[in-house]
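Here is a sequence with its predicted model. Questions after.
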Amino acid sequence: MAPTIIGLLGSPLHEGNTAQLMARAVQGARDAGCTVELIPVTSLDFQGCQEMFFCRDHETCILDDDMQQVYPKFKGMDGLILATPVMTMGIPGTLKAFMDRFQVFFMAKYHRHESFIPRDRKPARAGIFISISGMDIPEVFVGAKLTTRAFFDIIDCRYQDELLVNGMDGILDITTRPDLLDAAYRKGFALGQSLAAPAGK
Ligand SMILES: Cc1cc2nc3c(=O)[nH]c(=O)nc-3n(C[C@H](O)[C@H](O)[C@H](O)COP(=O)(O)O)c2cc1C
């Protein structure tokens, strides 16, 4: 069976610059033999974590919203492509709220020591991080990367690679930079290839 990848889009613009980088990475992963499901976070109906701690003792969240359909997908996936713009020097609020709802995975892994991802599947799960920012300053991706790495740890997904594009305020339209779109395609293809034919197998 083809490996499954989730393409998680953090931008509210589903045809914006981030979305176009995502589309190229998704195409690369598909060309490498993977099945990809795109999830634009802003199309989901969900709340942020309310700290009710139901997930401390249960395998899901007490809040009955779209996250209930998302959790099984993240348990079953082989790979993740996470693409997002930087907002206020970090992960945009809706995507951050989405990540916070993975407290369900955090409690399973770190509190009950019963990760949803079986030990033998963990090494195979990998993801890439694609991010763009308006500004061109050295620390512009620091916050977003810290959060993303924590999220990858919580869902047992190895942080395989990244594509960080700064200075979008100057570039404006990503289609004027085919080199960046090609880089996204190559990273998606490499992820797909590594999942479809893991090294040494
Ligand atoms: C609400 C908001 C906050 C932003 N905050 C930052 C920021 O802190 N640093 C930065 O470099 N760019 C920031 N940006 C610029 C975006 O990262 C940039 O415009 C990006 O290209 C948007 O991607 P998209 O059009 O695919 O959503 C912000 C944009 C918005 C809308």
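Cool, the structure landed.

Near the ligand, which residues of the chain are found?
Selection of the chain residues close to the ligand by Cβ under 6 Å from any ligand atom yields 11, 13, 16-18, 85-89, 132-135, 140, 168. To be clear about C-beta, it is placed using only N, CA and C from the backbone, and glycine gets the same treatment.

Could I have the buried ones of these as ChimeraX selection syntax?
Only the buried entries of these go into this ChimeraX selection, using 16 or more other Cβ atoms under 10 Å:
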select :11,16,17,18,85,86,87,132,133,140,168
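
In helices, which of the residues of the chain next to the ligand appear?
Members of the residues of the chain next to the ligand lying in helices (criterion: DSSP state H): 17-18, 168.

Tell me the buried residues in stretch 125-143?
So, applying 16+ other Cβ under 10 Å, buried residues of stretch 125-143: 125-133, 140-141.

would JSON lines of those residues with pLDDT be doable?
JSON lines is the format used below for those (pLDDT from 0 to 100):
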{"residue": "125", "pLDDT": "97"}
{"residue": "126", "pLDDT": "98"}
{"residue": "127", "pLDDT": "98"}
{"residue": "128", "pLDDT": "98"}
{"residue": "129", "pLDDT": "99"}
{"residue": "130", "pLDDT": "99"}
{"residue": "131", "pLDDT": "98"}
{"residue": "132", "pLDDT": "98"}
{"residue": "133", "pLDDT": "98"}
{"residue": "140", "pLDDT": "98"}
{"residue": "141", "pLDDT": "98"}
